[in-house]
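Participant: What follows is a predicted structure for the sequence shown.
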Amino acid sequence: MLQYRQCKIDYQKDNRKEIQKKIASKLHLKPEKIKNLQVVKKSVDARKKPDIYYNYTVAFSCEGEEKIVKQFRKDTNLSKFEKEVSMADVIPDFYREDSREKIIVVGAGPAGLMCAYFLAKCGRKPIIIERGGPMMERMQKVAHFWKTGQLDLQCNVSFGEGGAGTFSDGKLNTGVKDKTGKRKFILDTFVAHGAPKEIKYQAKPHIGTDKLRDVIQSMRKEMEELGVKFYFHTQFLSVQKEGDIVKGIEVQTEEGGRKVLSCDRCVLAIGHSARDTFYQLKDQGISMEAKPFAVGVRVEHLQEMINLSQYGKLDDRLPAADYKLTGQTSDGRGVYSFCMCPGGYVVNASSEEGYTVVNGMSNHARNSKNANSAIVVSVGVSDFPSDDILAGVEFQRDLEKKTFELGKGKIPVQRLGDFRENRKTTKFGKVNPCTKGEFVMENIKNILPPVVSNGIMEGMKQFGKKIASFDDEDTLLLGTETRTSSPVRILREETFMSPEFHGLYPCGEGAGYAGGIMSAAMDGLRVAFAIVQERKENETNI
């Protein structure tokens with residue numbers, strides 16, 4: 001097969017025959033000679049707006065492929081097609097039908113689930129413990145919280161099957177370089193469990209929170225068939241060890257009692273909101289360090305405004321437009337958009353009583369009237385209240401507590417014009433909030449540290465020069481966004497194990513090694529591979 005890049009198709013003529021005709025024209029062939037057409041990558045090209053194109057990379061077969069490659073050797077877009085590798089290819093090398101390894105995975109978010117899934121495919125039968133509930137129960141409790149404000153501390157937007165990513169946009173793009181096939185393995189797995197097939201080739205793939213929930217439940221069903229056990233409403237408390245070797249973990253059961261689960265491998269994929277667990281790990285002497293992150297607010301604009309600015313036109317045939325913005329404040333801090341959700345909602349993502357934090361969420365259709373994203377400013381250890389390892393946690397909590405008190409548990413909302421003037425919003429303009437959870441008009445500026453509030457104002461001004469009306473006075477700010485990434489990193493060695501605990505594998509976003517669904521899932525695969533590879537090496541040396 002051959003591959004052709006930079007195949008541009010007018011979005012109004014986007015169909016398979018047009019792609020076939022374009023490739024045939026490039027190679028001086030008749031369209032019917034282009035066979036077995038496969039889309040490898042697809043992206044929107046709006047650089048010459050309002051002329052909008054879909055930019056394709058496609059694979060295909062035809063007669064005389066070797067001759068065509070030589071004939072068009074100066075065309076750098078033409079090449080032989082190389083099939084993308086997948087981690088699925090190595091599973092036969094590591095499969096052990098009679099494996100007796102006792103592996104526990106703590107956390108059923110993207111990192112923990114993908115780690116356990118790969119281990120199960122390799123014949124292992126790990127146990128997954130999750131402090132929250134299974135998907136259907138979790139959805140009911142989150143909906144109840146958004147309606148009434150009554151928070152379940154163990155089963156909420158942060159905790160439960162699927163992790164925090166379950167109530168998000170379901171974005172699957174990542175900046176992580178991958179030559180080992182982790183990305184393909186993840187996308188293939190998601191598609192096999194009901195995700196749209198186009199995530200395999202979209203430049204910016206996303207599932208959407210609605211479809212992601214079904215994918216996760218389907219994955220659990222297969223994993224259970226492979227021998228994986230799920231213990232929901234089971235909270236990690238501590239690591240049990242002999243010398244420096246992990247022998248088990250102590251957990252709190254659904255009934256409130258304590259018991260020890262034995263294991264010789266424990267993957268710690270706890271997520272970035274498991275603050276009580278961070279403190280327990282610190283007390284056990286597990287090496288951690290404070291790390292920088294970013295805090296700020298969610299902003300909302302009319303999705304039509306973003307579409308018009310990005311595309312130069314409004315057309316329902318085009319997908320809801322997104323954006324990614326970066327800038328720098330006058331004091332040298334980074335200010336940037338984060339977790340942009342086209343056609344989405346701002347959600348109350350609180351996980352502790354008396355604290356309010358927001359996040360963004362979209363369904364697969366991305367069809368709400370508003371676009372939202374976080375606009376955040378970088379903060380580091382010098383901004384934290386002490387030099388304690390967990391000072392970043394307390395920095396987050398301070399902001400979330402002030403946010404809760406300001407809104408009395410509801411999401412505080414403010415117009416950008418009022419934010420600039422440091423006054424409480426009393427009425428909305430062109431934009432009305434799209435939220436999950438109740439909101440209240442307030443003055444957010446007073447609860448933010450000056451370096452953050454000033455950074456947001458500077459950033460919005462810079463971004464208004466990149467996207468028309470981005471800094472319009474009717475733009476809404478919703479507070480506060482504090483959990484852009486973990487405030488700590490749980491240290492691990494090249495073996496992926498903790499320096500103090502042989503057999504303990506810090507993993508994913510909560511451990512400080514990922515940022516988002518895809519990178520967390522990839523880190524889960526990285527750890528799973530390290531486990532099966534080490535065991536194979538040990539067997540070889542016996």
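Facilitator: Received, thanks.
Participant: ranges for the helices of the stretch 401-542 of the chain?
Facilitator: Along the stretch 401-542 of the chain, the stretches classed as helices by DSSP state H, counting those that start in this stretch are 416-421, 450-464, 517-541.
Participant: any chance of those helices in JSON lines, with mean neighbour count and distance to residue 139 too?
Facilitator: (Each C-beta comes from the backbone N, C-alpha and C, glycine too.) Formatted as JSON lines, the helices of the stretch 401-542 of the chain follow (neighbours: other CB atoms under 10 Å; distance: least, CB to CB, whole Å):
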{"stretch": "helix 416-421", "mean neighbour count": "19", "distance to residue 139": "33"}
{"stretch": "helix 450-464", "mean neighbour count": "20", "distance to residue 139": "32"}
{"stretch": "helix 517-541", "mean neighbour count": "21", "distance to residue 139": "18"}
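Participant: To residue 403, which of those lies closest?
Facilitator: Closest to residue 403 of those is helix 450-464 (CB to CB; 12.3 Å).
Participant: Give me the contacts around that closest one.
Facilitator: 295-297, 299, 325, 327, 329-331, 333, 335-337, 375, 377, 379, 383, 416, 419-420, 445, 448, 470-472, 475, 477 (CB atoms under 8 Å, 6 or more residues apart in numbering).
Participant: what do you get for stretch 138-157?
Facilitator: 131-133, 137, 160-162, 164, 166-167, 213, 233, 235, 347-353, 359, 409-410, 436-438.
Participant: Now do that stretch, average pLDDT.
Facilitator: Mean pLDDT, computed over stretch 138-157, is 97.
Participant: what about that stretch, start to end distance?
Facilitator: Across stretch 138-157, the terminal residues are separated by 8 Å (CA to CA, to the nearest Å).
Participant: next one: stretch 247-262
Facilitator: Taking CA to CA, stretch 247-262 runs 6 Å from one end to the other.
Participant: Give the buried residues for it.
Facilitator: 247, 248, 249, 251, 252, 261 (16 or more other CB atoms under 10 Å).
Participant: same question, stretch 228-235
Facilitator: Quick answer for stretch 228-235 (16+ other CB under 10 Å): 228, 230, 231, 232, 233, 234, 235.
Participant: now swap in stretch 282-297 and tell me
Facilitator: In terms of neighbour count (16+ other CB under 10 Å), stretch 282-297 has its buried residues at 282, 286, 287, 288, 290, 293, 294, 295, 296, 297.
Participant: now, among these, which is nearest to residue 205?
Facilitator: Nearest member of the buried residues of stretch 282-297 to residue 205, counting by CB to CB, is residue 294, at 23.9 Å.
Participant: Make sure that closest one is indeed in a strand.
Facilitator: Yes. Counting by DSSP: H, G, I helix; E, B strand; the rest coil, residue 294 falls inside a strand.
Participant: If we ignore the residues flanking it in sequence, what's nearest it?
Facilitator: Leaving aside its sequence neighbours, residue 294 sits nearest to residue 376 (CB to CB, 6 or more residues apart in numbering; 3.8 Å).
Participant: What is the neighbour count of the residue lying closest to residue 482 once chain neighbours are set aside?
Facilitator: Nearest non-adjacent residue to residue 482, counting by CB to CB, 6+ apart: residue 396, 4.4 Å away. Residue 396 has 24 neighbours, counted by other CB atoms under 10 Å.
Participant: Who are the contact partners of residue 396?
Facilitator: 295, 357, 482, 483, 487 are the contacts of residue 396 under CB under 8 Å, 6+ apart.
Participant: Generate CSV for these, with pLDDT as supplementary columns.
Facilitator: Below are the contacts of residue 396 laid out as CSV (pLDDT from 0 to 100):
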residue, pLDDT
295, 98
357, 98
482, 97
483, 96
487, 97
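Participant: For residue 190, state which of those is nearest.
Facilitator: residue 483 (23.8 Å).
Participant: was I right about the closest one contacting residue 352?
Facilitator: No. With contact defined as CB atoms under 8 Å, residue 483 does not count as touching residue 352 (11.3 Å).
Participant: Those two: who's more crowded?
Facilitator: Comparing residue 483 with residue 352 by other CB under 10 Å, the one with more neighbours is residue 483, at 24 against 18.
Participant: if I look at that one, how far off is residue 520?
Facilitator: Distance from residue 483 to residue 520, counting by CB to CB, to the nearest Å: 13 Å.
Participant: Then residue 325?
Facilitator: The gap separating residue 325 from residue 520 is 23 Å, by CB to CB.
Participant: ok, now residue 494?
Facilitator: 20 Å.
Participant: Check residue 205 too.
Facilitator: Separation of residue 205 from residue 520 (CB to CB) stands at 15 Å.
Participant: cool, and residue 236?
Facilitator: Distance of residue 236 to residue 520, given as CB to CB: 17 Å.
Participant: Any stretches of the protein with poor pLDDT?
Facilitator: Scanning the chain for pLDDT under 70 picks out the ranges 536-542.
Participant: mind listing what's buried in stretch 275-282?
Facilitator: 275, 276, 277, 278, 280, 281, 282.
Participant: so which strand or helix has residue 8?
Facilitator: Taking DSSP states H and E as the criterion, residue 8 maps to strand 2-10.
Participant: Right, I'll call it a day here.
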